[in-house]
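# Give me a model of this one.
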Amino acid sequence: MLDTYLGDIEYLVRERLWADAAPLALALPHICVALAHANLVSSHEDYLAWCQEWVQPPHDEPSKAVPSPEDLYRMAASHGVEQQLALSAGVPVNALRQLRLRRLSRAAPARRTSLALPEIGNASGEPEACAVLLDAVRNWYGDWATRDPVVQNNLARLAVLR
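Below is the predicted model of the structure:
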């Protein structure tokens, strides 16, 4: 389910559909935090802490600058991600619904690959944010979440909800 969601974002990035890709990518930290919590909740502080821990420069470009957690959070707020959170008592309902709805949309992409960004002139930082968040989620899932029973239980619960 998570691989399919990431694959959808990668597709939107390749097609340069930033208005569609950015909100989905910027919701990823909230999704990951919620999946790791028994009650599927997230917060501003959780978002920043997750980004601080998992958002790193790509492995093949360790000197590359990445957006700060605060910059990512500001971008998320500008795309309405935080409004969705505030209306649902800390549960990123819309983001989790999007994750769940995409589970059967297309075959899962290869894991642990960094996204090669198309050369474009986008000053908003959205392409870089999408790329680093996709990479961070793949690292988070591969290094930690695959062995976390809360995450696996929450993914199973989301898979069977209608």
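# Please make it C-alpha for all contacts and neighbour counts, starting now.
Fine.
# residue contacts, Asp148?
For Asp148, the contacting residues are Ala36, by CA atoms under 8 Å, 6 or more residues apart in numbering.
# Quick check: pLDDT value at it.
Per-residue pLDDT puts Asp148 at 97.
# how much space between it and His59?
For Asp148, the distance to His59 under the criterion CA to CA, to the nearest Å works out to 24 Å.
# Could you do Tyr11 as well?
Here the distance between Tyr11 and His59 works out to 21 Å (CA to CA).
# same deal with Leu40?
According to CA to CA, Leu40 stands 30 Å off from His59.
# if you count what's nearby, which of these two comes out ahead?
A count of neighbours by other CA atoms under 10 Å puts Leu40 above the other of Leu40 and His59, at 20 against 11.
# isn't that one right up against Leu96?
No - at 9.0 Å, Leu40 does not count as touching Leu96 under the criterion of CA atoms under 8 Å.
# can you give me the helices in the protein?
Assigned by DSSP state H, the helices in the chain fall at 2-14, 18-26, 28-35, 44-54, 69-78, 81-86, 93-101, 126-143, 149-160.
# Report the distance from the fifth one to the chain centre.
The one in question is helix 69-78. 13 Å (CA atoms, centre = their mean, to the nearest Å).
# same check, this time on the last one
When distances are taken as CA atoms, centre = their mean, helix 149-160 is centred 17 Å away from the chain's centroid.
# Does anything pack onto it? Which helices or strands?
In terms of contacts (3 or more CA pairs under 8 Å, 6 or more residues apart in numbering; DSSP states H and E), helix 149-160 is packed against helix 28-35, helix 93-101.
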